[in-house]
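**Q** Need a 3D model of the following:
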Amino acid sequence: MVLHNRNAELLHDIIDSIGYPTIDKVGEAANEAAWLVIQHAIGQPDFMRTCAKLLENAVRAKKANPINLAYLSDRIAVFEGKPQGYGTQFDWNENGALSPHSFDDLTKVNQRRKALGLNTLEEQIAVIRKRAKNENQTPPTDFRKRKKEMDKWRKSVGWII
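**A** Have a look, this model is predicted:
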């Protein structure tokens, strides 16, 4: 987490200097790298929320990848305990299955995903579960304990009250 926070601090300085690092300002690779820094700055809710607004503006101006905004907005929603719009964020559920965090409506989620060129949520579930199996990932041994620890952490960093 220390590295993620340090990267976020550096990116914050860049944003203060040049604004959001859009493709036209920094190129596609650096724009993608900036998004990855934001996506992993989970211990800094205010930074992530601010960057989501900046990224939304950049996407509207066609200067950033809308898929990155989908992933970032979903990640923020999950940490805030809200439904996802695109179903991009997964975790183990109480039955030991790797599943998307809550989302609003499957039909709407699939429509939003299709508009971005993503596969359906059902297809993505299969992909994620296959990858987890191939990587020998396993669910937590105590789901309730893990959920309680996550909620404690989300509260401690400011995602929830």
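**Q** use CA for all of it now, contacts and neighbours both
**A** OK.
**Q** Over to stretch 85-92 now: how far is its first residue from its last?
**A** 19 Å (Cα to Cα, to the nearest Å).
**Q** what's that stretch in contact with?
**A** With contact meaning Cα atoms under 8 Å, 6 or more residues apart in numbering, stretch 85-92 is reached by 70-71, 73-75, 78, 98-104, 109-110, 112-113, 121, 139-140.
**Q** Among the residues you listed, which lie within helices?
**A** 70-71, 73-75, 78, 109-110, 112-113, 121 (DSSP state H).
**Q** Kindly indicate the member of these with the most neighbours.
**A** If you count neighbours using other Cα atoms under 10 Å, the busiest of these is residue 75, which has 25 neighbours.
**Q** tell me the contacts of it?
**A** Residue 75 makes contact with 39, 84, 88-89 under the criterion Cα under 8 Å, 6+ apart.
**Q** out of those residues, who's nearest residue 144?
**A** residue 89 (19.0 Å; Cα to Cα).
**Q** what's around the closest one, how many residues?
**A** If you count neighbours by other Cα under 10 Å, residue 89 ends up with 19.
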